[in-house]
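K.L.:
Let's see this in three dimensions:
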Amino acid sequence: MSRVGKKPVPIPSGVKVDVSGRRVQVGGPKGNLVWTAPEPISVALQGNQLVVSRPNDERRNRALHGLSRALIANMVKGVSEGYEIGLEVYGTGYGCKLEGKQLHLNVGFMGRGVGRKAQFMVDIPDGLAVEVKVPTARGDTDPAKFVVRGADKQAVGQFAAEVRKLRKPEPYKGKGIRYAGEHVRRKSGKVFAGGG
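P.N.:
Take a look at the predicted model:
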């Protein structure tokens, strides 16, 4: 039966791999990543592929074996192709712009009856890049869009999740920050019966 951990990780052209003990360093056109395999997992470079192995079939070691192989495969893909997550900002007057290494988000007002605008200035972590996509002819219903890119899959996903959490999409009008292609389940507002 096939297991994830037993599959060797092929190394594409343009990617350099250095294995020193349990420390794995991968470099490519999109960046450099370093990771240390947990005990007792071992990593070996065999020709143009990386082989991950475990000493026995204990439950914990089997889990670490598959996890380690998946993380290394993510590193190799990250430095060669990179990862990206698209986000969209829905709402009238909502928007985003890039200033240096900061992402500025304007996402409505804070609190009921309060006139303070909800403006967030989010620092972009090292190793990540954000591109704001400005549409040529934007209508009222077209969302502002931006893309988070990087070599580290975990860092890209974490940053995108933190930005989305600043103003999650609400279920009545759908306003907020959502992933590209994310479907927001809408609710109907309260319906008042007309008095006679």
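
K.L.:
Only alpha carbons, please: show the lengthiest helix in the chain as PDB.
P.N.:
For the chain, the helix that runs over the most residues, judged by DSSP state H, is helix 59-80. The C-alpha coordinates for helix 59-80 follow below in PDB (Å, rounded to 0.1, in the frame of the first residue of the first chain):
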ATOM      1  CA  ARG A  59       2.500   5.300  15.300                       C
ATOM      2  CA  ARG A  60       4.200   8.700  16.100                       C
ATOM      3  CA  ASN A  61       7.100   7.900  13.700                       C
ATOM      4  CA  ARG A  62       4.700   7.000  10.900                       C
ATOM      5  CA  ALA A  63       2.900  10.300  11.400                       C
ATOM      6  CA  LEU A  64       6.100  12.300  11.400                       C
ATOM      7  CA  HIS A  65       7.300  10.400   8.400                       C
ATOM      8  CA  GLY A  66       4.400  11.600   6.200                       C
ATOM      9  CA  LEU A  67       4.400  15.100   7.700                       C
ATOM     10  CA  SER A  68       8.200  15.500   7.100                       C
ATOM     11  CA  ARG A  69       7.900  14.300   3.400                       C
ATOM     12  CA  ALA A  70       4.900  16.700   2.800                       C
ATOM     13  CA  LEU A  71       6.800  19.700   4.300                       C
ATOM     14  CA  ILE A  72       9.900  19.000   2.300                       C
ATOM     15  CA  ALA A  73       7.800  18.700  -0.900                       C
ATOM     16  CA  ASN A  74       6.100  22.000  -0.100                       C
ATOM     17  CA  MET A  75       9.500  23.600   0.400                       C
ATOM     18  CA  VAL A  76      10.800  22.400  -3.000                       C
ATOM     19  CA  LYS A  77       7.600  23.600  -4.700                       C
ATOM     20  CA  GLY A  78       7.800  26.900  -2.900                       C
ATOM     21  CA  VAL A  79      11.300  27.800  -4.000                       C
ATOM     22  CA  SER A  80      10.700  26.700  -7.600                       C
END
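
K.L.:
For that helix, what does the pLDDT average out to?
P.N.:
The predicted model assigns helix 59-80 a mean pLDDT of 95.

K.L.:
Give me the buried positions along that helix.
P.N.:
61, 64-80 (16 or more other Cβ atoms under 10 Å). Placement of C-beta: from N, CA and C, glycine included.

K.L.:
Please consider this matter closed, and thank you.
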